[in-house]
Structure formats: C-alpha cells, structure tokens
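Visitor: got a predicted structure plus its sequence, pasted below:
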Amino acid sequence: MSERRSQLFGVMGEFSTPEDLLAATKKAREAGYKHVEAYTPFPVEGLSEAVGFKWTAVPLLTLAGGLGGGLTGFGLQYWVAAITYPLNIGGRPLNSWPAFIPVTFELTVLGASIFAVFGMLALNKLPQPYHPVFNVERFAQASTDKFFLCIEARDPKFDLAETSRFLQSLHAEHVNEVKDEE
Amino acid sequence: MSAQDFRAPESVSRLQNGGIVVGGVALLVAIFGAMKSPADFYHSYIFSYMLILGLTVGSLGLLMLQHLTGGIWGMVIRRPLEAASRNLWLMLVLFAPIVVGMKYLYSGNDQETGWLNAPKEGEHALTSWQQGYLTQGGFLARAALYFAVWIVLMLVFNNWSKQQDQESDAEGLKQKLKKLAAPGVILYILAMTFAAIDWVMSLSPRWASTIYGFLFVAGQAIAAMGLMIAVIVLLAGSEPFNDIIKKRHLHDLAKLLFAFNMLWAYFAFSQLLIIWSGNQPEEISFYRSRLNGQWGVVAVIVLLFSFAIPFLLLLSRDVKRTASVISKIAVWMIFMRLVDLYWMTRPEFTPRAVPTWLDIVVPVALIGLWLGFFAMNLKQRPLLPVGDPNLSEVLAENEH
C-alpha cells in the first residue's frame, strides 16, 4: 500500500437497507451532486432513476443488431435461391419468402442478442478487474447485505470534508474515503 | 389501509350511456338492413360477433391467467376483466341471430356448397366424419355446451371474487381461485377451439387447420388486453384511479399486449408456412382466396397495421409507458382484430373486399351495446379487489 502515490476517488457511505440507500441517493442528487454511484447486492426498484441514469445506447445497438441479422438472413436466402442458384421447387416462386422467414427470424434474434450482450459490455466497460471502490474493505459486503453510495471526487461540488459530513447527515452507518491507487 | 370503496367514476357512466345509445340506434338501422338484405347482414354479423365474443371470453381467459400467475398487473385489471366476462349473458342473447341466420352463413357460396346444403354423396360430399359432426342439431348442442362451460367459469370466478370483498376467508378464496384457474384456462381454450371450428372454420368445410383455435385464442388475448389498457387509461383520468395507476402498471400491461401480438403473428405465420410448404390443393384454397385480388390488399393491411407497425411502436419503452399513446395503440389493435376477422370470414362469400354499409353499422351496434353493458357491469363492484390479501401491494406501490 503506497499511500502517497494514491489519489482520492470519492467518498462512500454505507447503508443497511435499500430504502435508506434510495432516500440518500435522492437527497444527494437533490443537493446537486452529479457523479453519484450506488452499489447493491440486488436490483433496487427506482434506484437507477435516482442516480440519474437516463439513457443508454444498448436498445439502439440491439435494434441495429436485429435489423442487421434479419437483413443478412433474408438476403442470404434470397441471393442463393433467387439469384445464384435458382431452382423451381414445386412451382413456387423463386423468392419463396414464407420459407425464408424462420431463418430470418433466427438471425434477427442472434444479431440482436449478440449486439445487446457485447454492446452492454463495451459500454459499461465490464469486465473490470480493478475498480477503486474495492479498496474499501467493507465494500465486500456490497455483494451480500450492505448498500453503498459513492460520491465521486470528480464531481464539481465534491469536497472531502463537506461531502463526508453530508453523507453522515444522511444516516450512513460508515463513511469511508475511497482511494484510487496509481 | 383504510377501507376505500373505489367506486367507478363518472366517465364509466358516460361510456354506459354512450354505448347503449349509439349501439341501440345502430342496432335499429342494422335490423332494417337485415330485413332488406339478410345475407349481407349475417355476413357482417358473424365477424362482428366474433370480435365482441373475443372481448368477453378473452377477458375470462385473462382473468383466470392472472389468478394463476399473480402479480400487480392482474390486480389492477381484475375488476374490468370480471365486468367484461359478465357480458357472456349478452353474448348468449346475441348468439340467437347466428342460429336464425345459419342458412345464410353455412350454405357456401356461388362456387361451393356449405355444410348445411352439401350433397350426401358424390364428389362434392363431405367426409362421413364431417357429415356426422356438422349437423344443425350438433351445432346447437355444442354451442350450448361452450356457453355452459364459459358461463359456469364466469359465475364461479365472479362470485368467489365478490365473496373475497366481504373478507370471508380471503386467503382461502385466493387459493381456491388459483387452483381453479389452471383447469379453467384449459377449458376456455378447448371450448374456444371447438367454437372457432364450428362457427367460423366451418364456413369453408373442405378446408381445415389445426392451429385455428389458437389463432382465435391469441387474437382474443390481444383484444381483451387492448380493452383493458384503454379502460385503465380511462379510469386513470379521474378519482380514485388517478393516483393508483402508475406508468409501471401501463408498462406491464403493454408488454403483455406486445407479447400477445407476437404470439398471434407467430400462430398466423405458422399456419401460412405449413400450408405454403405443403402446397396441397385442399389446403391452399384458404390462402388462394385471401392473398390474391382485393383480399390480397386486405392481407397486406392486416400484416402491416395489425402486426408490423404495432410491433415496431411497442418496442419502445416510452410508448408503452405513455398513457395517451398506448391507449390509442390498444384501441387501434382492437379495430385491427375486426379487420382481421373480416379477412378471415368474408372471402368465403365474395371476392369483393370493399365493405358494405352493414359492415360499418353492425360492428358499431354490437361494440356499442357491448361497451354499454360492460360499463354497467363495471359500476356494480369496487374497481379494485378490496378483499384480496395482496391489495396493499398495489397501493404501496405509489409510496415511492
């Protein structure tokens, strides 16, 4: 642990119920903090709205993946059956579109799900082997039964003493500084 | 939670009056039409009847489904579903014209005989199985059976739910409702499958499809869920629902509408794909009359406006959560059910797809009356199941 070379990442308050965390998150946002992040062992209803999460590109990426997959699926079959290797099958038209739908559908689902999963991972930068919040020992409990609210140092309103006091005023059970090691 | 009575607002009374007045006037005009051109009247009647039947038994199906699955989405629409299912009495009365007009419906068209007038022997005769099944007596006896199944289920689910309001062993009743819901859903689907075969598929007795009943069940789920969304948005306009219904309730209901729409499209496409691949003369007749000429245009309209466009719109989360938008889509999808039923039935009688004036008047009459009686039923009981042990979950939802 090289204390000297580390810099401050933020201040983290610990809560023992999701309701306390939700209330604290709302108050922090109301107080004007923008770079606020909450950590919980399970999804908490309303929390993503409370931390100010509004928009993500994942649905758009998924749509693009789905459209791409669907067009590829239909296009491939059309190209093969109607252009490069036309065969008369039972007198049906070469562009026998109902027969192309199942593969088109499958590739739409495949394209959409690949884009959704990898788009999500690319955008949230997971997997992340290192994150400063893990430097706080008590944070291990974020995956069992404690709820954490971290106000980050890059927030324009951030002030170590002020923000720590603010978290205490929200009835955080513990308030820890989060160090980011270089 | 204090005992609230959750009375239906003024808007429900307006729906009742409006529905009965508009429906009543249209019915008089329709009766005039029935005397002038009975064949046109019955051809309009059959698809309009199937739509309002869908609203009724579709709601009965959803009512049982939500008892089976639980969840807040079911609690907020339970009373409207019950009110819709109580319209089964109206459906029983309105079945009479189908019985009276059987010879206009099941006697085929210019090219082919129907099952009522099919020759007993020769190349145009029906199979011996069909001759045993498709008889006038059998048709009536089975119709009585289907109505008996639905009405018994409707009475039991409505009465137990009413008893629950009076807090006599609410938890026990909840379990009983849940236990009956599973066989109830199966019975509803079985009865609906046979009803769809008897009343609609037998319009073309030489053609058969095994997914036909499910096509109706999925369509009815769309119609009933569409109605529920529209009703919830109407109720949320005033006390007491204005601060009970939240965006998340609409979101849940709209997701189900979206799912039912995809289910319907899946069934409809499965039928097309199998018949297309098989390419058998006796199977393909259904699509030959429906995918060519004027009916081909209607087929494209159904594909685009009943499936593709609602599908793309309902992908969006914001669309599903915005009351003014989702209610319009819901009503639109009920209307498209009507167009789809028109496309399912009418090509059996004529290659002309342009509606007659009776195709406007008869649906308006039946839908108007249906909504009027529905609103009347809705006023009879509290808008929420006040005795349900989980009611507090619905109300607690508002607190944050």
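Guide: That came in fine, so what should we check first? Numbering: from 1, shown residues only, chains lettered A, B, ... in the order given.
Visitor: ranges for the helices of chain A?
Guide: A:18-30, A:47-50, A:58-78, A:97-124, A:160-169 (DSSP state H).
Visitor: ok, the stretch 151-300 of chain B next?
Guide: Counting by DSSP state H, counting those that start in this stretch, the segments of the stretch 151-300 of chain B that form helices are B:170-199, B:212-235, B:247-278, B:281-291, B:293-301.
Visitor: which residues touch the closest residue to B:Pro347 other than its chain neighbours?
Guide: In space, B:Pro347 comes closest to B:Ser289 once its chain neighbours are excluded; the distance is 4.4 Å by C-beta to C-beta, 6 or more residues apart in numbering or on different chains. (Each C-beta comes from the backbone N, C-alpha and C, glycine too.) By C-beta atoms under 8 Å, 6 or more residues apart in numbering or on different chains, B:Ser289 lies in contact with B:295, B:347-348, B:351.
Visitor: where does B:Ser289 land on pLDDT?
Guide: B:Ser289 carries a pLDDT score of 92 in this model.
Visitor: tell me how far it lies from B:Thr193.
Guide: With distances taken as C-beta to C-beta, to the nearest Å, B:Ser289 is found 23 Å from B:Thr193.
Visitor: excluding its backbone neighbours, what's nearest the residue of chain B found nearest chain A?
Guide: Closest to chain A within chain B is B:Trp276: 4.4 Å, counting by C-beta to the nearest C-beta. Once flanking residues are discounted, B:Trp276 sits nearest to A:Pro98: 4.4 Å by C-beta to C-beta, 6+ apart.
Visitor: which element is B:Leu92 on?
Guide: Using DSSP states H and E, B:Leu92 maps to helix B:88-94.
Visitor: near chain B, which residues of chain A show up?
Guide: A:22, A:45-46, A:59, A:63, A:90-92, A:96, A:98-99, A:101-102 (C-beta under 8 Å from any C-beta of the partner chain).
Visitor: nearest residue to residue 177 in space, please, no chain neighbours.
Guide: Went with chain A since none was named. A:Glu177 sits nearest to A:Val11 (C-beta to C-beta, 6+ apart), 5.9 Å away.
Visitor: my question was about chain B
Guide: Closest to B:Leu177 by C-beta to C-beta, 6+ apart is B:His67, at 4.6 Å.
Visitor: tally of neighbours for residue 48?
Guide: Because you didn't say which chain, this covers chain A. Using other C-beta atoms under 10 Å in any protein chain shown, A:Ser48 has 14 other residues around it.
Visitor: meant chain B actually
Guide: 26.
Visitor: how about the secondary structure of it?
Guide: Following DSSP: H, G, I helix; E, B strand; the rest coil, B:Ser48 is assigned to helix.
Visitor: make sure it is actually in contact with B:Val361.
Guide: No: in this structure, B:Ser48 is not within contact of B:Val361 by C-beta atoms under 8 Å, at 9.5 Å.
Visitor: and B:Leu134, what does it touch?
Guide: B:106, B:115, B:126, B:202, B:205.
Visitor: assumed the third one was part of a strand.
Guide: No: judged by three-state DSSP, B:Leu126 forms no part of a strand; its state is coil.
Visitor: mind checking how far it is from B:Phe349?
Guide: Distance from B:Leu126 to B:Phe349, by C-beta to C-beta: 19 Å.
Visitor: what's the longest strand in chain A?
Guide: Secondary structure of chain A per DSSP state E: the longest strand is strand A:7-15.
Visitor: shaky segments in chain A?
Guide: Residue ranges of chain A with pLDDT under 70: A:1-5, A:182.
Visitor: check contacts around the closest residue to chain B within it.
Guide: Residue nearest to chain B within chain A: A:Pro98 (4.4 Å; C-beta to the nearest C-beta). With contacts defined as C-beta under 8 Å, 6+ apart, A:Pro98 is in contact with B:269, B:272-273, B:276-277.
Visitor: neighbour-wise, which one of those residues leads?
Guide: Most surrounded of the contacts of A:Pro98: other C-beta under 10 Å gives B:Trp276, at 20 neighbours.
Visitor: from what I can see that residue touches A:Phe100, true?
Guide: No: using C-beta under 8 Å as the test, B:Trp276 is too far from A:Phe100 to be in contact (10.9 Å).
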